[in-house]
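Trainee: Give the three-dimensional model of this entry:
(one chain, ligands or ions: 1)
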Amino acid sequence: VSGGGPDPDAALQLVGVQAGYDGAPVLRGVGLTVRPGEIVALLGPNGSGKSTTCKVAAGLLAPAHGQVYVAGAAAGRQGAVRRARAGVVLAPEGRGIFPSLTVDENLALRLPLKKDRSAVYARFTGLAARREVAAGSLSGGEQQLLALAPLLHAPPRVLIADEPSLGLAPRVVDEVYRLLAELRDAGTGLLLVEEKASEILGVADTVAYLTQGRVTWCGPREQVETERLTDAYLGIAAAGKAER
Ligand code: ADP
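Mentor: Below is the predicted model:
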């Protein structure tokens, strides 16, 4: 989970990361490693720092202490630039979509070749049917698929997905998760945040619990029995509330 220097085999690594807002600490020493072809799911109660971890990992928030490594290289001050080169994508709902452009125009910006767009339409027929529609008027699920589908064409080294199932119909959630699993199989290292544990269990390789800005448990998904997960999860949530 943590360690001294960067792990050259890691897709994404956070070492002793402390970060917060306006001097108020939120992350109090987060250590986390995501390997290529691995989905690491971050679980924890509201306010434990999951979104903040995503922001730091994606280079949107600089850590006060600690380091973020992408593919073994320290992010440093040029973090955002380096992460962009390494293919870090932060993809919460609808991220990276131009709402006033059509579906086809949005795809064309990311997949210039017509045959590549055709491949997306062949698989995501719902998008094909709406290719001349403004992206902003798509459903949340369609927007999510429009944001994620082009990634299959050129899988990034790292993908950070902050609550990708938020507000989506169950059928679309399945489709989004299939897509994330395919990216994993293509070698992308995924950091995945969900509020609901049930969403995670089908897809995660590794589960990490975040409690009040620290990783308090991290292990393979198989070691997380549903019952224990629920207990631990609710226990953490209750402890968090009690200390507020
Ligand atoms: P989680 O994703 O686990 O719900 P967050 O990382 O969103 O947790 O939030 C952790 C803490 O940081 C919360 O107490 C929250 O109020 C605070 N926080 C989050 N974003 C900001 C912000 N932009 N400015 C100030 N405080 C924030």
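Trainee: does the residue nearest the centre of the chain have beta-bridge partners, and which?
Mentor: The residue lying closest to the centre of the chain (Cα atoms, centre = their mean) is A161, at 2.0 Å. On the basis of DSSP bridges, A161 takes part in beta bridges with L192.
Trainee: How about Q13?
Mentor: T33, Y69.
Trainee: Isn't the residue nearest to the centre of the chain up against L179?
Mentor: No: applying Cβ atoms under 8 Å as the test, A161 and L179 come out as separate, 10.1 Å apart. (C-beta placed from N, C-alpha, C; glycine too.)
Trainee: Pass me the low-pLDDT residue ranges in the protein, would you?
Mentor: Applying pLDDT under 70 to the chain flags residues 1-5, 73-88, 90-95, 199, 201, 225-244.
Trainee: what does it have sitting close to the ligand?
Mentor: Neighbours of the ligand within the chain, by Cβ under 6 Å from any ligand atom: 21, 26, 44, 46-52.
Trainee: do that again at 5 Å, thanks
Mentor: 21, 26, 46-52 (Cβ under 5 Å from any ligand atom).
Trainee: For those residues, which ChimeraX command selects only the ones that are buried?
Mentor: Per 16 or more other Cβ atoms under 10 Å, the buried members of those correspond to this ChimeraX selection:
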select :26,48,49,50,51,52
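Trainee: can you give me the strands in this protein?
Mentor: Remark: strands assigned in the chain by DSSP state E are 12-21, 24-34, 39-43, 65-70, 73-74, 88-90, 158-162, 189-193, 206-211, 214-220.
Trainee: For the third one, buried residues please.
Mentor: So that's strand 39-43. The neighbour-count check on strand 39-43 (16+ other Cβ under 10 Å) flags 39-43 as buried.
Trainee: contacts for it?
Mentor: Outside strand 39-43, the residues that touch it by Cβ atoms under 8 Å, 6 or more residues apart in numbering are 32-34, 50, 53-54, 180-181, 184, 189-194, 197, 200, 203-210, 221, 229, 233.
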